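**Q** Show me how the following folds:
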Amino acid sequence: MTSTAQAPQSGAGTAHPDHLGHVIFIAAAAAMGGFLFGYDSSVINGAVEAIRDRYDVGSAALAQVIAIALIGCAIGAATAGRIADRIGRIRCMQIAAVLFTISAVGSALPFALWDLAFWRVVGGFAIGMASVIGPAYIAEVAPPAYRGRLGSFQQAAIVVGIAISQLVNWGLLNAAGGNQRGKLMGLEAWQVMLGVMVVPAVLYGLLSLAIPESPRFLLSVGKRERAKEILAEVEGKDVDLNARVAEIEHAMKSEHKSTFKDLLGGGFFFKPIVWIGIGLSVFQQFVGINVAFYYSSTLWQSVGVDPTDSFFYSFTTSIINIIGTVIAMIFVDRVGRKPLALIGSVGMVVGLALEAWAFSHHLVDGKLPATQGWIALIAAHVFVLFFALSWGVVVWVFLGEMFPNRIRAAALGVAAAAQWIANWAITASFPSLADWNLSGTYVIYTVFAALSIPFVLKFVKETKGKSLEEMG
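**A** Numbering: from 1, shown residues only. Below you'll find the model as predicted:
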């Protein structure tokens, strides 16, 4: 083997940065995109009933306004990688921050329903960009010895964003006297809820000005000296910087740019491993998890819960989501991905089945009977807990690890697209399904949670402890 064929050894794998706090700040700043992802995805929960009332729309039209942001998400996620490769990761974050800000202002001041839908798409595009750029940037900047822990900042930021949005919504609703259309600062309460996102959006833009560009991107555009400066900053001065630059350049040259054609094969269009990735993505959404974040306040109000209490329960659900995510981050490398997924599936079946049972009872004076009401509330929290400690994290870990190197990027793109489409299908269909039969809707989600068990047992292989090169 010639000397040019072997990657240089820089010592980066065991190196530690001189100022770990600075590196943590860089990762946290990039993860603000994840915070906005979670915040924007969930903040609409507080506005659903007010939008229905203000514009006098049925469930089907309302669902499209809520779900249409996911179309923007899919487009943003599909194009972010190419945009970032052309103009840089930091510039991409700044574009997302500007779009988030514009979307927040537009959503808070709509003059018609189609106008609100348009701003939802703009915000969705920014979400899609942030969901791709944040993890990619952190992976490229983080020292190898800390990459896993710093990479988890993105998921943590998403669930914190969901929780903060529910807390803010609850506070604003209380300030408006429990009325989503009550007046606050000259606007209706729901408008303020959507407009508050300007604050984290601007903060995201300001933080992006304070962090360095990815060394990998700088090397791709020939800025070697600046790349060395940043590598010294984030990996420490003990690293052989010339060897580290050569190491990254060697890896970039040897990478195979996977394409859609690489995924074709097998009996049904895609290779079997790609279908397994699609299956994981679809099951993750078809258990109805985003109903808990987009529609929970509407759901509780539909069974007689006071609006202020329904907003509070949405907040407590998002706290449970954070707790479950932390549990998953602790155990995913200890017990493995597959056992965690199976434990989560069993727990979700129990929670969803109990919700279906509780919602099957007739309302008394517009409310569920006390016993069924409490069971529905507890079961909803059980469902979110088991989802968060398993499928919420495990699916992303699987998708990052399970594909062979030569098709990983393209296969991950297809699986992520399947996830956005499945998310859209659930989000767009829930209001109409709930009008048809709320209990029956939860039976459908229960069936998908139950089907995920044999799917994991038969088709999904454990990836814990295996190198990426062992995946084919």
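**Q** low-scoring stretches of the stretch 101-250 of the chain, by residue?
**A** Within the stretch 101-250 of the chain, the segments meeting pLDDT under 70 span 148.
**Q** What backbone torsions are found at A176?
**A** With angles defined as degrees, to the nearest 10, A176 sits at phi -100, psi 20.
**Q** Next, the closest residue to it other than its chain neighbours: phi, psi?
**A** Closest residue to A176 apart from its sequence neighbours, by Cβ to Cβ, 6 or more residues apart in numbering: G182 at 3.2 Å. (Glycine included, C-beta is placed from N, CA and C.) Taking degrees, to the nearest 10, you get phi -70, psi 160 for the backbone angles of G182.
**Q** And the helices in the stretch 51-200 of the chain?
**A** 59-67, 69-87, 89-108, 113-141, 147-151, 153-175, 189-195, 198-208 (DSSP state H, counting those that start in this stretch).
**Q** show me the contacts for the closest residue to P212 other than its chain neighbours.
**A** Closest residue to P212 apart from its sequence neighbours, by Cβ to Cβ, 6+ apart: I230 at 4.6 Å. Listed by Cβ atoms under 8 Å, 6 or more residues apart in numbering, the contact set of I230 reads V141, P212, E213, S214, P215, L218.
**Q** do the same with I95
**A** The contact partners of I95, taken as Cβ under 8 Å, 6+ apart, are I83, A126, M129.
**Q** and if you look at F283?
**A** F283 makes contact with W391, F448, L451, S452, F455, according to Cβ under 8 Å, 6+ apart.
**Q** And the strands in this protein, which stretches?
**A** For the chain, strands defined by DSSP state E occupy the ranges 183-184, 187-188, 264-268, 270.
**Q** List the residues that contact the residue nearest to L219 when sequence neighbours are not counted.
**A** What sits nearest to L219 in space, not counting adjacent residues and going by Cβ to Cβ, 6+ apart, is A227, at 4.9 Å. Taking Cβ under 8 Å, 6+ apart, we find A227 in contact with P215, R216, L218, L219, V245, I248.
**Q** What count of nearby residues applies to the residue nearest to the second one when sequence neighbours are not counted?
**A** Take R216 and drop its neighbours on the chain: the residue closest to it by Cβ to Cβ, 6+ apart is E140, 4.6 Å away. Other residues near E140 number 17, with proximity taken as other Cβ atoms under 10 Å.
**Q** how much space between E140 and R226?
**A** E140 sits 14 Å away from R226, going by Cβ to Cβ, to the nearest Å.
**Q** Go ahead and confirm Y295 touches N45.
**A** Yes - at 6.7 Å, Y295 counts as touching N45 under the criterion of Cβ atoms under 8 Å.
**Q** Output stretch 94-102 as PDB, restricted to C-alpha atoms.
**A** Presented in PDB, the C-alpha positions along stretch 94-102 are these (Å, rounded to 0.1, in the frame of the first residue of the first chain):
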ATOM      1  CA  GLN A  94     -28.300  32.200   9.300                       C
ATOM      2  CA  ILE A  95     -30.700  31.700   6.400                       C
ATOM      3  CA  ALA A  96     -32.800  29.300   8.500                       C
ATOM      4  CA  ALA A  97     -32.800  31.900  11.400                       C
ATOM      5  CA  VAL A  98     -34.100  34.700   9.000                       C
ATOM      6  CA  LEU A  99     -36.800  32.400   7.600                       C
ATOM      7  CA  PHE A 100     -37.800  31.400  11.200                       C
ATOM      8  CA  THR A 101     -38.100  35.100  12.100                       C
ATOM      9  CA  ILE A 102     -40.100  36.000   9.000                       C
END
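**Q** what comes up buried for it?
**A** By 16 or more other Cβ atoms under 10 Å, the buried positions in stretch 94-102 come out as Q94, I95, A96, A97, L99, F100, T101, I102.
**Q** In contact with the nearest residue to the last one once chain neighbours are set aside, which residues?
**A** Across the structure, with Cβ to Cβ, 6+ apart as the measure, the residue nearest I102 apart from its sequence neighbours is V122 (6.2 Å). Remark: with contacts taken as Cβ under 8 Å, 6+ apart, V122 is in contact with G72, L99, I102, S103, G106.
**Q** for those, which one is nearest G344?
**A** Comparing these against G344 with Cβ to Cβ picks out G72 as the nearest, at 28.9 Å.
**Q** what number of residues lie near the closest one?
**A** By the criterion of other Cβ under 10 Å, G72 has 24 neighbours.
**Q** show me the contacts for the residue nearest to it when sequence neighbours are not counted.
**A** For G72, ignoring the flanking residues on the chain, the nearest one in space by Cβ to Cβ, 6+ apart is G124 at 2.5 Å. G124 makes contacts with D40, I68, A69, L70, I71, G72, C73, I75, G76, as judged by Cβ under 8 Å, 6+ apart.
**Q** Could you check how far S318 is from E229?
**A** 40 Å.
**Q** out of the two, which sits in the busier spot?
**A** Per other Cβ under 10 Å, whichever of S318 and E229 has more neighbours is S318, with 26 against 15.
**Q** Could you tell me how many residues sit around the residue found closest to that one once you drop the neighbours it is linked to in the chain?
**A** Closest residue in space to S318, ignoring its immediate chain neighbours: A163 at 3.8 Å, by Cβ to Cβ, 6+ apart. A163 is flanked by 22 other residues according to other Cβ under 10 Å.
**Q** re the thing from before, may I see the buried residues of stretch 94-102 arranged in a markdown table, with distance to V303 as well?
**A** Converted to a markdown table, the buried residues of stretch 94-102 look like this (distance: Cβ to Cβ, whole Å):
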| residue | distance to V303 |
| --- | --- |
| Q94 | 44 |
| I95 | 42 |
| A96 | 37 |
| A97 | 39 |
| L99 | 37 |
| F100 | 34 |
| T101 | 37 |
| I102 | 37 |
